[in-house]
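Asks: Sequence first, predicted model second:
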Amino acid sequence: MSTVDDLANLQDAEDARAKALARLRDIQEQYAEPEALVRAREQAAHLEGEIEALRRRLREMEAEATAVRAKRETGQQRLYSGTVGNPRELASLEAEGESLARRLSQLEDQMLNLMIEIESNSKAHREIAAEAQLLTQEHSIRTAGLRQEQEALEVEARRLQQAIAQERDRLPAAILSRYDSLKARKGGRAVARLRHGTCGACGVQLPTNVIQRAQQGQDLVTCTSCGRILCPD
């Protein structure tokens with residue numbers, strides 16, 4: 001195998017490893033939970049808080065209603081017991097009973113509205129919780145596939161690194177230096193394959209003598225346009 005072929009193989013291995021590492025970085029980003037799942041969980045948590053606040057308010061109203069009802073019943077018992085003969089006291093008991101009845105009616109209306117609101121929010125919570133569960137399952141399936149791909153890529157990246165090290169070990173230091181310098185200056189591609197008499201990197205039609213020398217693979221022949229090392233098909 002010629003030096004040019006070794007350089008081409010080195011470049012192919014380095015390109016493949018770079019792609020594998022780029023994909024590994026992409027996989028790491030994809031492990032993050034999708035925005036839709038995060039949003040669904042936030043909505044579910046918000047609804048839970050609202051429902052709990054509504055239930056707490058309902059319990060407070062129920063306690064007040066129980067107290068108002070008991071107080072009204074006590075007043076009604078006194079009013080109709082015959083033990084109170086003072087007209088003013090009777091009138092006061094009657095007025096208080098009417099006031100308590102109005103407050104009890106208000107509380108019952110408010111409690112009914114609260115129960116309706118709780119049911120509405122509970123339904124919305126069940127729906128968003130089901131959506132969050134479905135999204136969680138989908139994300140778990142997706143991440144399981146990503147883990148398998150990651151493991152395979154990590155193995156491939158290690159294999160390519162070993163291949164790169166082996167290629168570099170057998171290449172002369174001066175040629176490696178030239179290759180690395182070209183690669184740094186030429187957008188990561190130091191070697192270009194011939195494609196029907198043209199440079200595979202820049203596409204320029206090459207002179208016949210340059211093509212012939214490059215096809216022999218004896219020397220490092222460069223493209224007359226972009227300066228990359230030419231490798232036979």
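Replies: Sure, I can see it. Since the model is a prediction, treat every value here as computed from it, not as a measurement. Numbering: from 1, shown residues only.

Asks: doesn't Gln212 make contact with Pro219?
Replies: Just so we're on the same page, residue 219 is Asp rather than Pro. No: using C-beta atoms under 8 Å, Asp219 is not in contact with Gln212, being 11.3 Å away. (C-beta placed from N, C-alpha, C; glycine too.)

Asks: quick one, helices of the protein?
Replies: 3-30, 35-81, 87-170, 173-185, 208-216 (DSSP state H).

Asks: Dump the shortest one to PDB, restricted to CA.
Replies: The C-alpha coordinates for helix 208-216 follow below in PDB (Å, rounded to 0.1, in the frame of the first residue of the first chain):
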ATOM      1  CA  THR A 208      -3.000  14.900 -17.800                       C
ATOM      2  CA  ASN A 209       0.600  14.700 -16.400                       C
ATOM      3  CA  VAL A 210      -0.800  15.500 -12.900                       C
ATOM      4  CA  ILE A 211      -3.400  12.800 -13.300                       C
ATOM      5  CA  GLN A 212      -0.800  10.200 -14.400                       C
ATOM      6  CA  ARG A 213       1.600  11.000 -11.600                       C
ATOM      7  CA  ALA A 214      -1.200  10.800  -9.000                       C
ATOM      8  CA  GLN A 215      -2.400   7.500 -10.400                       C
ATOM      9  CA  GLN A 216       1.000   6.000 -10.000                       C
END
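
Asks: got the buried residues for that helix?
Replies: For helix 208-216, a neighbour-count test (16 or more other C-beta atoms under 10 Å) marks Val210, Ile211, Arg213, Ala214 as buried.

Asks: Stretch 142-159 too?
Replies: Thr143, Gln150, Leu153, Glu156, Ala157.

Asks: swap in stretch 214-233?
Replies: Ala214, Gly217, Leu220, Val221, Thr222, Cys223, Cys226, Arg228, Ile229, Leu230, Cys231.

Asks: Repeat that for stretch 3-16.
Replies: Thr3, Val4, Asp6, Leu7, Ala8, Asn9, Leu10, Gln11, Ala13, Glu14, Ala16.

Asks: Now do it: distance to the chain's middle.
Replies: 36 Å (C-alpha atoms, centre = their mean, to the nearest Å).

Asks: Give me the contact list for it.
Replies: Applying C-beta atoms under 8 Å, 6 or more residues apart in numbering, the external contacts of stretch 3-16 come out as 1, 156, 160, 163-164, 167-168, 170-172, 175, 179, 183, 188-191, 193, 214, 217, 220-221, 229-232.

Asks: now do stretch 50-68
Replies: 100, 103-104, 107-108, 110-111, 114-115, 117-118, 121-122, 125.
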